[in-house]
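Peer 1: quick one: sequence plus predicted model below, questions after.
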Amino acid sequence: METYLGLDLGGTKLLIGEMDSRGNILKYKKYDSGYFNQEAALQIIKASLDDYIKTVGWYDKKPVAMGVGLIGRVDSNDGIWLQIDPSRTHPIALAKELTEAYGIPCYIDNDVKSATRAECIWGFGQISKNFVYLNVGTGIAVGTVIDGKQVRGSHFNAGEVGHLRVGVHVGVKCACGRMDCVEAIAAGIGFDNCARLLRDRYETNLHIPAEKGERVLVSEVYALSQKGDPLCVALVDIAAEALANLIMNLVRMTDPDTVVLGGGIVADGYMHEKILEKLQPITMRFVTNGVVITKLNPGFIGLLGAGAVAMNR
Ligand SMILES: [Zn+2]
């Protein structure tokens with residue numbers, strides 16, 4: 001049986017797994033991946049892959065190709081990982097390095113663009129040629145598919161819509177230099193920002209970590225909001241407003257018939273409902289398939305994306 005190897009490299013974990021052409025995950029293993037630059041990431045990928053081959057092994061024979069999903073800017077045509085973020089720019093020919101090291105053809109892409117490829121093959125792409133895949137996790141980005149083709153831009157930087165302003169003002173400065181970007185309000189990092197800004201204005205039982213580097217848990221915000229905790233109700237309302245505005249702006253931009261939600265913050269029934277309540281019917285009238293949560297397993301969408309990169313080549 002032909003299989004594909006996927007590597008989903010996030011900021012804190014690396015998920016390695018093998019799947020078939022229908023997107024069934026056959027085997028996988030999770031590794032810790034604390035890394036700072038691209039060279040260090042390459043070493044972590046190699047060490048983890050060596051361990052995977054030794055301890056998990058192939059399902060049948062060697063996979064026909066491998067795909068890697070990465071944060072930051074990726075030239076998927078030439079297999080070059082260009083940048084993690086503007087402060088970490090050290091292009092490496094990752095696809096070539098891994099192809100040579102393991103004797104398996106390797107292809108790479110940005111993580112959200114990879115997940116969008118998976119959505120194209122196994123998800124709503126089966127019924128739509130014009131959709132937006134909106135990922136809301138630690139940050140916010142989209143994959144935009146127009147006439148069946150994903151938009152990439154002149155520097156592989158299309159879809160970084162986390163840095164759009166969406167008419168919600170809380171007074172938080174974003175890492176990009178602007179104020180009140182949607183990511184700074186409604187992503188994982190945004191919930192944390194807003195909780196700290198608004199904590200003196202509302203009563204709350206939410207745990208707001210004092211230590212640097214630790215963030216408010218969005219799952220806890222959702223649970224407390226459902227119980228009527230004043231701060232958490234406000235945080236959910238602000239984030240839902242910001243995300244609904246973002247979605248409506250995106251709809252006006254490319255005229256999709258489907259908006260697919262992925263990532264921990266929005267692949268959640270409670271937040272999904274809150275967003276739907278704030279959408280305006282006139283703006284949304286051509287989004288005939290609706291604003292829907294991905295059908296792909298949210299916990300594995302990054303890995304499936306990496307497999308889709310291997311399949312698409
Ligand atoms: Zn920004």
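Peer 2: Noted; the coordinates are in hand.
Peer 1: would you mind giving the domain segments of the protein?
Peer 2: Following automatic domain parsing, one finds the domains of the chain at 4-119+300-312, 128-294.
Peer 1: the closest residue in space to residue 28 that isn't next to it in sequence: how many residues sit nearby?
Peer 2: Nearest non-adjacent residue to residue 28, counting by C-beta to C-beta, 6 or more residues apart in numbering: residue 17, 3.1 Å away. (C-beta placed from N, C-alpha, C; glycine too.) Look at residue 17: counted by other C-beta atoms under 10 Å, it has 25 neighbours.
Peer 1: residue 17 contacts residue 24, correct?
Peer 2: No. If you go by C-beta atoms under 8 Å, residue 17 and residue 24 don't touch, sitting 10.5 Å apart.
Peer 1: would you verify that residue 171 is located in a strand?
Peer 2: No. Residue 171 is assigned coil when assessed by DSSP: H, G, I helix; E, B strand; the rest coil, not a strand.
Peer 1: which residues are in contact with it?
Peer 2: 179-180, 197 (C-beta atoms under 8 Å, 6 or more residues apart in numbering).
Peer 1: of the domains of the chain, which is nearest the ion?
Peer 2: Nearest to the ion among the domains of the chain is domain 128-294; the distance by C-beta to the ion comes to 3.1 Å.
Peer 1: and the longest helix along the chain, what does it pack against?
Peer 2: For the chain, the helix with the greatest residue count under DSSP state H is helix 230-254. Based on contacts counted as 3 or more C-beta pairs under 8 Å, 6 or more residues apart in numbering; DSSP states H and E, the elements that helix 230-254 packs against are strand 131-136, strand 140-146, helix 182-186, helix 188-198, helix 218-226, strand 258-262, helix 269-277.
Peer 1: which parts of stretch 51-58 are buried?
Peer 2: Of all the residues in stretch 51-58, those buried under the rule 16 or more other C-beta atoms under 10 Å are residue 52.
Peer 1: just stretch 262-282 next, same as before
Peer 2: Within stretch 262-282, the residues that count as buried by 16+ other C-beta under 10 Å are 262-268, 271-272, 274-275, 279.
Peer 1: which of the residues you listed come close to the ion?
Peer 2: Filtering the buried residues of stretch 262-282 for proximity to the ion by C-beta under 5 Å from the ion leaves nothing.
Peer 1: could the domains of the chain go into CSV alongside mean pLDDT?
Peer 2: CSV is the format used below for these (pLDDT from 0 to 100):
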stretch, mean pLDDT
domain 4-119+300-312, 95
domain 128-294, 96
